[in-house]
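Enquirer: sequence first, then the predicted structure:
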Amino acid sequence: MAVLLGLLVAAAYGSADFFGGLSSKKASVAAVVVLSQAMGLPVLAVLVVAAGGEPTTKVFVLGGLAGAVGGVGLVCLYRGLSIGRMSVVAPITAVGAAVVPVAWGLLRGERPGPLPLVGVGLAIVAVGLISRTGDEVVDGSHAPEPTDEARPYLLLAVVAGGAFGGLFVLLAETGDDAGFWPLVAARITSITLLVVGGLATRQSFAPGGRAALAPIAAAGVLDMTANAIYLLAARRGLIALVAVLSSLYPASTVLLARLVLKERLLGLQVAGLGLAAAGVTLIATG
């Protein structure tokens, strides 16, 4: 069950990133992040009422930290997606999002079996291949290697990956009896910090027209859904495995970018998708 939930998390996160990146090309990053976070609140309200749980101090502290870290990750990710290629930025974040929880799980004494561990390694290599830029072909011509001016989005992707890895760890540490209250604390914290930061830097919160509201709403609902499913998955399986499965979300981002935006996939990216499938298969044996 944890494997299936982890894959559902990946599908939801990847779709949320696609819609968030799409929105960021038409509206400011501040507007996309804050509005999408707010639009996920109705989903969270339903989940909290349905699941109950105990909102302890520990839950709110860890949830609040997760919200702060996740907010930084979202800002970096959406900014990177707005200035770089979706099929490059999103996969890079997944490496950090996978490595950090795996390291944490192993430090805490988690010991997956040999085959699942091999699957973890394959999955991490897979996201690296999916993120390969190389000598890309765009519209029949070879795109040049990134210049110094083009590289900030790569740094943003790395920071976002580390932040999302921290988010996975913090949420998993909130306990099995917390219900979805950790997400309440996380969302309150992230929205507050994002609004304050946006006002301090004089960012616009205008959505960029009615046409931008639909993808922003989709990003918010999908992101909240992914967070909720991740909590369920982390409570049913080893974080070292669940987080890696969740970190395969670039696959859905890449596929949506291919289908909707007609972004071309490199041979290595296709190989990465196949390697990811092999990794998931091995992880499932655990």
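Expert: Great, that's in hand. Given the structure is predicted, the values throughout are model-derived calculations rather than measurements.

Enquirer: could you pull out the strands for the stretch 1-150 of the chain?
Expert: 137-138, 141-142 (DSSP state E, counting those that start in this stretch).

Enquirer: and the longest helix for the protein?
Expert: helix 57-83 (DSSP state H).

Enquirer: now do stretch 279-286: distance to the chain's middle.
Expert: Chain-centre distance of stretch 279-286: 21 Å, with C-alpha atoms, centre = their mean, to the nearest Å.

Enquirer: what's the answer for stretch 111-125, then?
Expert: For stretch 111-125 - counting by C-alpha atoms, centre = their mean - the centre lies 20 Å from the chain centre.

Enquirer: what mean pLDDT does that stretch have?
Expert: For stretch 111-125, the mean per-residue pLDDT is 83.

Enquirer: also stretch 158-171?
Expert: The model assigns stretch 158-171 a mean pLDDT of 91.

Enquirer: for stretch 176-195, same thing?
Expert: 91.

Enquirer: how about residues contacting that stretch?
Expert: 30, 33-34, 37-38, 40-41, 44, 47-48, 51-56, 59-68, 70-71, 74-75, 167, 171, 174, 205, 224, 227-228, 231, 235 (C-beta atoms under 8 Å, 6 or more residues apart in numbering). For glycine as for every other residue, the C-beta is placed from the backbone atoms N, C-alpha and C.

Enquirer: just the buried subset of the residues you listed, please.
Expert: 30, 33-34, 37-38, 40-41, 44, 47-48, 53, 55, 59-60, 62-68, 70-71, 74-75, 167, 171, 174, 205, 224, 227-228, 231, 235 (16 or more other C-beta atoms under 10 Å).

Enquirer: pLDDT below threshold where in the chain?
Expert: Low-confidence segments of the chain (pLDDT under 70): 86-87, 90, 131-151, 286.

Enquirer: what about the closest residue in space to Val48 that isn't next to it in sequence, how many residues close to it?
Expert: Spatial nearest neighbour of Val48, chain neighbours left out: Phe180 (5.0 Å); criterion: C-beta to C-beta, 6 or more residues apart in numbering. Residues lying near Phe180 (other C-beta atoms under 10 Å) number 26.
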